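Enquirer: my questions are about this predicted structure, shown below with the sequence.
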2 protein chains.
Amino acid sequence: MQRYFVDSDAIGPDRVTIRGDDVHHIKNVLRMSPEDRLICCDGQGRDYLTEVESIGTDEVRCRIIDSSPSPGEPGVRVSVASSLPKGDKLEWVLQKGTELGADSFLPFTSARTVVKLDGKRAAKKQIRWQRIVKEAAEQSHRGRIPPVELPGNWRGLLEKFPSYDRVLFAYEKEGQSLADALKGAVGRRFLVVIGPEGGFTEAEAMEAASAGAVPVHLGPRILRAETAPLAILSCIFYSYGEMGGEPL
Amino acid sequence: MQRYFVDSDAIGPDRVTIRGDDVHHIKNVLRMSPEDRLICCDGQGRDYLTEVESIGTDEVRCRIIDSSPSPGEPGVRVSVASSLPKGDKLEWVLQKGTELGADSFLPFTSARTVVKLDGKRAAKKQIRWQRIVKEAAEQSHRGRIPPVELPGNWRGLLEKFPSYDRVLFAYEKEGQSLADALKGAVGRRFLVVIGPEGGFTEAEAMEAASAGAVPVHLGPRILRAETAPLAILSCIFYSYGEMGGEPL
């Protein structure tokens, strides 16, 4: 069934009022009519099964039939901090990461980041990134739209480490395997930190470690900056039984 | 150290002769000189540590110092059969799939495949696909270049099922979890079959099952046609300890 994210203030005790672009989509793309059913998600992990009551010029009113927790939200929360990769690579880390179940995205710049974004362009980019994530969240049946933060710097990222149970720092040069890092994990809030194309400097690796991050490697094959976060998300969710079924 | 794939006939008892584009790369891009070291890989899973002896106009001769199995080849072989996705999505399934460790790629068309490729364009595409895979294999330190077959049809794909120990058929509608499908797996040769954007028809699902494929789902989040194969590759290699370290 078609799903739409709506603002929580659009959800009343027994009705949901859909506004904005989705109205056009309901009227002119799907050509829905009263009594058709659709799911409204509050973006906070709750789904509302509704029936269309009335379709106006700029709003669609739906009657709430039932509500339940969104099935698409993993019980393990994994945030992804990617040092800005070149070109549009971050865009598909955001799209694919959202499909896989990422909790939030923290783009940042580090010593070897090539991409430069000034404040103004960064703000414009963030709007675009958030739209990409919203669409991916709807398409993949997520119950939340993972927030994409404004690009920060390395220092600022280090300061965020304490708000996670475990910070996994992707580092080819050394570190333990992802499997071993997960065995030792306590709690279910992860931050995965991925470097730029050129990787992290040794200084950054030491700073991350002393800030509590666990350096992890992904085996003998070298993954690109945009591939590593998707592989790590897949492996973490798989090993916690969040991709359907408990592993061995 | 820089790695190059060379034809096996370029490798003698104690010397490797590099020809083709790599000569330009060694001379003009890396500006190597005699006594510099590089790794030649025969593309069959064996690496040769060599030292440059002479750099000619169209060949570079290297002395073999040592040889060993390529570290980047997984012990589990996973082939990916993707129903041709739209746009250039297959290209990055090939690139990322190669990084992750895919054994080979079998593009195919099924009932809901939108992309149409006639024989001539398919042959041109295959050359491009194979180049993408070669570059990804070098960059990710693979020991083999995964072959990309010419796009086949659904019937032809079904006939290939018997040459694999286990065929995993990605099917949202039903099936067991990937984790359960792997628990029951005997042997280490997998084929992962992924549908187009519109998914497989019920008839195709039944045909795949009666041809011996195990339908698998990846949990509550709906992954795109280009995301699913990369998630499955990550999970299989992770669960077989092929991404560094044995899982729980």
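Expert: Structure's in. What do you need? Numbers count the residues shown, from 1 in each chain, chains lettered A, B, ... in the order given.
Enquirer: which residues of chain A score low on pLDDT?
Expert: Where chain A drops to pLDDT under 70, the residues are A:248.
Enquirer: for it, longest helix please?
Expert: For chain A, the helix that runs over the most residues, judged by DSSP state H, is helix A:119-139.
Enquirer: for whatever helix or strand comes next after it, packing partners?
Expert: Moving toward the C-terminus from helix A:119-139, the first helix or strand encountered (DSSP states H and E) is strand A:152-153. Contacts defined by 3 or more C-beta pairs under 8 Å, 6 or more residues apart in numbering or on different chains; DSSP states H and E place strand A:152-153 against strand A:108-109. (Each C-beta comes from the backbone N, C-alpha and C, glycine too.)
Enquirer: break chain A down into its domains, please.
Expert: Using automatic domain parsing, the domain ranges for chain A come out as A:3-69, A:77-239.
Enquirer: now these in CSV, with mean neighbour count?
Expert: Below are these laid out as CSV (neighbours: other C-beta atoms under 10 Å in any protein chain shown):
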stretch, mean neighbour count
domain A:3-69, 16
domain A:77-239, 20
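Enquirer: a markdown table for those, including distance to residue B:95?
Expert: Output for the domains of chain A, formatted as a markdown table (distance: least, C-beta to C-beta, whole Å):
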| stretch | distance to residue B:95 |
| --- | --- |
| domain A:3-69 | 31 |
| domain A:77-239 | 8 |
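Enquirer: what does the longest helix of chain A contact?
Expert: A:3-5, A:90-91, A:94-96, A:98-99, A:105, A:107, A:117, A:142, A:144-151, B:222, B:224 (C-beta atoms under 8 Å, 6 or more residues apart in numbering or on different chains).
Enquirer: same thing with stretch A:28-36?
Expert: A:2, A:26, A:38, A:51, A:52, A:53, A:54, A:55, A:60.
Enquirer: at 6 Å instead, please
Expert: By C-beta atoms under 6 Å, 6 or more residues apart in numbering or on different chains, the residues outside stretch A:28-36 that reach it are A:26, A:51, A:52.
Enquirer: ok so the second one is a strand residue?
Expert: Yes - assessed by DSSP: H, G, I helix; E, B strand; the rest coil, residue A:51 belongs to a strand.
Enquirer: does it touch residue A:61 like I think?
Expert: No - using C-beta atoms under 6 Å as the test, residue A:51 is too far from residue A:61 to be in contact (10.2 Å).
Enquirer: is any part of stretch A:97-111 close to chain B?
Expert: Yes - interface with chain B: stretch A:97-111 contributes A:99, A:101 (C-beta under 6 Å from any C-beta of the partner chain).
Enquirer: what residues does chain A put near chain B?
Expert: Selection of chain A residues close to chain B by C-beta under 6 Å from any C-beta yields A:71-72, A:96, A:99, A:101, A:140-141, A:177, A:179-180, A:183, A:217-223, A:227, A:231, A:234-235, A:238-239, A:243-248.
Enquirer: quick check: closest non-adjacent residue to residue A:22.
Expert: Leaving aside its chain neighbours, residue A:22 sits nearest to residue A:4 (4.8 Å; criterion: C-beta to C-beta, 6 or more residues apart in numbering or on different chains).
Enquirer: can you check residue A:11 too?
Expert: Nearest residue to residue A:11 in three dimensions, chain neighbours excluded: residue A:42, at 5.8 Å (C-beta to C-beta, 6+ apart).
Enquirer: wait, doesn't that neighbour sit right on residue A:8?
Expert: Yes - with the criterion set as C-beta under 6 Å, residue A:42 and residue A:8 qualify as a contacting pair; they are 4.9 Å apart.
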